[in-house]
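Enquirer: give me a 3D structure for the following:
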Amino acid sequence: MPRPISRSAGISRRLDIIRRLKRLACVLPDRRGVTILEFAIAAPVMLTLAIGTFKFGVAMMHQVVLTNAAAQGATALALSRGTATPYATTTTAINNAASTLTTASITTTVTINGTACSTNTACSALMTAGVTAVVRTTYPCDLSVMGINYKSSCTISAQTAQMVQ
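Expert: Numbering: from 1, shown residues only. Take a look at the predicted model:
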């Protein structure tokens, strides 16, 4: 059988519970620090989106520069019939047009009338008026954001064809 509680002990216990509830009621509406907590949750997400947008923009800029460089190289190749250095002229035109890119990372493939050439003598032998000269360039891109690589083997490419003059 439960032990009877004296009237004064019961009142003091109720007062103690009331005091605790009042203290808890004072803490609950206190919203100091909520803003920093929300910022700590939202900041990494927003930062990832911002850096990702920047990285994608840089990759698109590289694509435009590489496309222009391939067009410049194809034009230089198409106009270099009869010269001794058509391949060197093409690669120089590409490197000059893509000055904002790392030139050592640009890979160039030259095809004249369906046959690939990678030296001046091989390209000179294939150069006849009216054949198609194709210049294809590739460049590696970096789409890593905050330690996460979203496309590990990302390469951008551009191709332009011109008729040899």
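
Enquirer: contacts, neighbours, all on C-alpha from now
Expert: Fine.

Enquirer: what helix or strand does residue 133 sit in?
Expert: Assigning secondary structure by DSSP states H and E places residue 133 in strand 132-140.

Enquirer: packing partners of that strand?
Expert: If contacts are counted by 3 or more Cα pairs under 8 Å, 6 or more residues apart in numbering; DSSP states H and E, strand 132-140 sits against helix 34-78, strand 107-112, strand 155-163.

Enquirer: make TSV out of these and add distance to residue 131, mean pLDDT and mean neighbour count.
Expert: Formatted as TSV, these follow (distance: least, Cα to Cα, whole Å; pLDDT from 0 to 100; neighbours: other Cα atoms under 10 Å):
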stretch	distance to residue 131	mean pLDDT	mean neighbour count
helix 34-78	9	94	17
strand 107-112	7	97	19
strand 155-163	6	97	18
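
Enquirer: and the next element down the chain from the strand holding residue 133?
Expert: strand 144-145.

Enquirer: what helices and strands are in contact with that following strand?
Expert: Contacts of strand 144-145 with other secondary structure elements, assessed using 3+ Cα pairs under 8 Å, 6+ apart, are made with helix 34-78.

Enquirer: and the helix or strand that comes right after the helix it packs on, average pLDDT?
Expert: Moving toward the C-terminus from helix 34-78, the first helix or strand encountered (DSSP H and E) is helix 86-97. Averaged across helix 86-97, the pLDDT comes to 97.

Enquirer: angle of helix 86-97 against helix 34-78?
Expert: Using axes from the mean of the first three to the mean of the last three Cα atoms, to 10 degrees, the direction of helix 86-97 lies 150 degrees away from that of helix 34-78.

Enquirer: helix 86-97 packs against which elements?
Expert: Helices and strands in packing contact with helix 86-97 are listed as helix 34-78, helix 120-126; criterion 3+ Cα pairs under 8 Å, 6+ apart.

Enquirer: save these as CSV, and put in distance to residue 114 too.
Expert: Compiled in CSV, those are given as follows (distance: least, Cα to Cα, whole Å):
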stretch, distance to residue 114
helix 34-78, 14
helix 120-126, 10
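
Enquirer: for the nearest residue to residue 97 once chain neighbours are set aside, list the residues it contacts.
Expert: For residue 97, ignoring the flanking residues on the chain, the nearest one in space by Cα to Cα, 6 or more residues apart in numbering is residue 69 at 4.9 Å. Neighbour list for residue 69: 93, 94, 95, 96, 97, 98 [criterion: Cα atoms under 8 Å, 6 or more residues apart in numbering].
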